[in-house]
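J.: Starting from these lines, generate the structure:
(one chain, ligands or ions: 1)
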Amino acid sequence: MTETLFPETRLQPIHSREGSSTKAIAVIPGKSNSVHIRDIPLQDIKVELIGLDGTDREINEGLYGEAPKGEDFLVIGHESLGIVERVGHKVNSLKRGDMVVCTVRRPDGCINCQAGEFDLCLDGNYMERGIRGYHDLLAEYYSEEERFLVNVPEVLGVLLEPASVAEKAILTAFAVQERMRWEPKTAMVTGKGGFRAYNSHATENKRL
Ligand SMILES: [Zn+2]
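T.: Numbers count the residues shown, from 1 in each chain. Just a heads-up that it's a prediction; the model follows:
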């Protein structure tokens, strides 16, 4: 897998286990219905559960998706729960056996990205695992930098990534309104399926 987009910030070298391979599900970006199973180098985090959503379907339909530089395929699947099997010697917050969720977006050089606010990127040159220029998690194993992994209790698991999207939207709305006195009583939640449920639950937690 291509794991060298930001080598200067990597906390640990990713050591592919030489000669070992694992299975991944990938597409040929831009080619409709190209989803297939392929071998990739064995990595350090074992995938336990995967969520699939409309983004994965649309990438397989060829509507968007971008392979890592120098490659013609893209491993998809950006919602996952994994178990750490190995860590590098500079990793402090994770250990073997920890359950982790991997974040999706990878920063570019803009001021918001450099401040850790990847979702508010100003330049649009970010990468996204499984979507844009970066292989993702629909595999038996993957690797990632410590700073892009969230240690979670198992009960949160694979749903953390979509739930975090709803939480970020609502917290950002409230942060923006801090410029004035604002006491909302109601909220309108649109959309469907699981994402609407996350938004509904999150707005209830804000007493709306
Ligand atoms: Zn940016």
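J.: Mind pulling up the pLDDT for the closest residue in space to residue 114 that isn't next to it in sequence?
T.: Nearest non-adjacent residue to residue 114, counting by CB to CB, 6 or more residues apart in numbering: residue 107, 6.7 Å away. Just so you know, the C-beta spots here come from the backbone N, C-alpha and C atoms, and that holds for glycine as well. Note for residue 107: predicted pLDDT of 92.
J.: Relative to residue 201, how far out is residue 167?
T.: Separation of residue 167 from residue 201 (CB to CB, to the nearest Å): 10 Å.
J.: quick one, which of the two is more surrounded?
T.: Neighbour count, other CB atoms under 10 Å: between residue 167 and residue 201, residue 167 has more, with 16 against 13.
J.: mind listing what's buried in the strand or helix carrying the more buried one?
T.: Using DSSP states H and E, residue 167 sits in helix 160-176. Under the neighbour-count criterion of 16 or more other CB atoms under 10 Å, helix 160-176 has 160, 161, 162, 163, 164, 166, 167, 170 buried.
J.: Quick one: the helices in the protein, in order.
T.: Taking DSSP state H as the criterion, the chain carries its helices at 54-60, 111-114, 160-176, 193-205.
J.: now the longest one and helix 193-205, what's the angle there?
T.: Yep, that's helix 160-176 we're talking about. Interaxial angle, helix 160-176 versus helix 193-205 (axes from the mean of the first three to the mean of the last three CA atoms, to 10 degrees): 40 degrees.
J.: Numbering from 22 from now on, please.
T.: Will do, 22 is the new start, and the previous item becomes helix 181-197.
J.: Could you pull up the contacting residues of the closest residue in space to residue 157 that isn't next to it in sequence?
T.: Once flanking residues are discounted, residue 157 sits nearest to residue 151: 2.6 Å by CB to CB, 6+ apart. Contacts for residue 151 (CB atoms under 8 Å, 6 or more residues apart in numbering) come out as 76, 77, 80, 95, 96, 97, 98, 99, 125, 157, 158, 159.
J.: and the gap between the residue lying farthest from the centre of the chain and the ion?
T.: Residue farthest from the centre of the chain, counting by CA atoms, centre = their mean, is residue 202 at 34.7 Å. According to CB to the ion, to the nearest Å, residue 202 and the ion sit 32 Å apart.
J.: now residue 101
T.: The spacing between residue 101 and the ion, counted by CB to the ion, is 24 Å.
J.: Does anything pack onto the helix holding residue 188? Which helices or strands?
T.: On a contact count with 3 or more CB pairs under 8 Å, 6 or more residues apart in numbering; DSSP states H and E, helix 181-197 meets strand 100-105, helix 214-226.
J.: Around the ion, which positions in the protein sit nearby?
T.: 129, 131, 134, 142, 144 (CB under 5 Å from the ion).
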